[in-house]
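*Asks:* Generate coordinates for the sequence data below:
(one chain, ligands or ions: 1)
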Amino acid sequence: MSFPDQVTIVEMGPRDGLQNERGVLSVETRISLIDRLAACGLSRVESGAFVSPKWVPQMAGSAEVLAGIRKPKGVRFPVLVPNLKGLEQALEAGAEEIAVFGAASESFSQRNINCSVAESMDRFAGVLTAARSHGLRVRGYVSCVLGCPYDGEVAPEAVAEMAGALYDLGCYEISLGDTIGVGTPLRAAKMVDVVAKRVPVEALAAHFHDTYGQALANLYAVMQQGVSIIDSSVAGLGGCPYARGAAGNVATEDVLYLLQGLGIQTGVDLEALAQTGHWICQALGRQNQSRVGLAMADVGNY
Ligand SMILES: CC(C)(COP(=O)([O-])OP(=O)([O-])OC[C@H]1O[C@@H](n2cnc3c(N)ncnc32)[C@H](O)[C@@H]1OP(=O)([O-])[O-])[C@@H](O)C(=O)NCCC(=O)NCCSC(=O)C[C@@](C)(O)CC(=O)[O-]
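*Replies:* Numbering: from 1, shown residues only. So this is what the prediction gives:
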């Protein structure tokens, strides 16, 4: 068994997390959350989305959020951008990194961004060209890599095709989203195996939701294939507005605990993160979804 020496965590709480919470948090609370997360040692904190506020009201005010955060040196604060209008807003807000998001399934693409997979690729090509001319770094997401809430099973080859197309357009990294958290380790490993023939494994990130409680096991499997970038969400916040019943991303606290046990470095302070998870759950009035966060609170670790 071999695992990466180092893993980079890409914190999703302020974006993927909050976008699906019932309560809409104030800009001030969103800023505090991001500042706290950066102070925990996270080097990448996804901080907002320049999408239609009619579609995702929780992400309205992302420009104010970007303007208000501390932005310590060495920490990146990417934002989601679905089209050129979103890019314009992100540039005005001073974003230095954006992410485009597509899907490996037609129905999810229609429900999520109101266009087909082919149309989305045309949009993204325009966004990538413009973004790169402004010196922005662009990440690409592929949703539904292990199943779609509308179309059911998704073939690994469809995931590889979408991931490869985004990589060819110039995305520096491709995040593979098990949007509805239905994957199991063997299927996750098989999917990564196929995708890694098209995109170098070093450029792949695992973005696993934890609906069926398999996310940590899936991460354990794909890390052995060389995946060393993990998307996770403090306190397991969130879900997906276009995937009913989907749970949030795997909790960052749980991932950190697993990585510590494997002797893998992340540079993130687990105790400070668990405190942040506890704080944001109180602000949202919701149950903490992190088993590690709950256990640490129980034994008085913070
Ligand atoms: C993509 C659109 C905008 C297309 O939405 P549309 O309705 O097809 O767009 P349109 O071009 O026809 O414009 C309609 C209206 O939206 C406005 N508009 C157009 N673009 C923007 C924009 N960028 N920002 C703000 N407003 C915008 C536009 O100005 C117009 O305003 P109106 O004239 O009606 O007042 C819409 O479908 C949308 O915003 N969808 C939101 C999708 C989303 O945020 N989903 C959640 C994130 S993805 C995710 O969570 C998965 C991921 C990444 O985490 C990985 C995983 O887990 O799988």
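
*Asks:* in the stretch 201-302 of the chain, which spans are strands?
*Replies:* 204-208, 229-232 (DSSP state E, counting those that start in this stretch).

*Asks:* try the stretch 1-150 of the chain
*Replies:* 8-11, 44-45, 48-49, 79-80, 97-103, 137-143.

*Asks:* any idea how far N83 is from A49?
*Replies:* 12 Å (Cβ to Cβ, to the nearest Å). Every residue, glycine included, has its C-beta placed from N, CA and C.

*Asks:* Which one of those two is surrounded by more residues?
*Replies:* A count of neighbours by other Cβ atoms under 10 Å puts A49 above the other of N83 and A49, at 27 against 19.

*Asks:* I'd assumed G17 was in contact with the more buried one.
*Replies:* No - judged on Cβ atoms under 8 Å, A49 makes no contact with G17 at a distance of 11.6 Å.

*Asks:* Isn't M59 up against P53?
*Replies:* Yes - with contact defined as Cβ under 8 Å, M59 counts as touching P53 (7.1 Å).

*Asks:* More neighbours: these two, which one.
*Replies:* M59 (24 against 13).

*Asks:* confidence score at the more buried one?
*Replies:* You'll see M59 listed with a pLDDT of 97.

*Asks:* List the contacts of it.
*Replies:* 15, 18-19, 48-51, 53, 80 (Cβ atoms under 8 Å, 6 or more residues apart in numbering).

*Asks:* Going by neighbour count, which of those residues are buried?
*Replies:* Among the contacts of M59, those classed as buried by 16 or more other Cβ atoms under 10 Å are 15, 18-19, 48-51, 80.

*Asks:* Report the beta-bridge partner residues of the closest residue to the ligand within the stretch 51-200 of the chain.
*Replies:* Residue of the stretch 51-200 of the chain nearest the ligand, by Cβ to the nearest ligand atom: G177 (2.6 Å). Beta-bridge partners of G177, counted by DSSP bridges, are H207.

*Asks:* again, but for V45
*Replies:* E11.

*Asks:* what's the distance between it and F208?
*Replies:* Using Cβ to Cβ, we find V45 at a distance of 18 Å from F208.

*Asks:* what does L294 give?
*Replies:* L294 is 20 Å from F208, by Cβ to Cβ.

*Asks:* sorry, back to before: could you dump the buried ones among the contacts of M59 into a markdown table and include pLDDT and distance to the ligand?
*Replies:* Listed next are these as a markdown table, based on pLDDT from 0 to 100; distance: Cβ to the nearest ligand atom, whole Å:
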| residue | pLDDT | distance to the ligand |
| --- | --- | --- |
| R15 | 97 | 8 |
| L18 | 96 | 11 |
| Q19 | 93 | 6 |
| G48 | 98 | 10 |
| A49 | 98 | 5 |
| F50 | 98 | 5 |
| V51 | 98 | 3 |
| L80 | 98 | 6 |
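
*Asks:* from those residues, which is closest to L66?
*Replies:* Among these, G48 lies closest to L66 (Cβ to Cβ), at 6.4 Å.

*Asks:* hang on, isn't that closest one packed against A67?
*Replies:* No - G48 is beyond contact range of A67, at 10.7 Å (criterion: Cβ under 8 Å).

*Asks:* Tell me, how many residues neighbour V194?
*Replies:* Neighbour tally, V194, other Cβ under 10 Å: 17.

*Asks:* Identify the residue nearest it in space, chain neighbours excluded?
*Replies:* Sequence neighbours aside, P156 is the residue nearest to V194 in space, at 3.8 Å (criterion: Cβ to Cβ, 6 or more residues apart in numbering).
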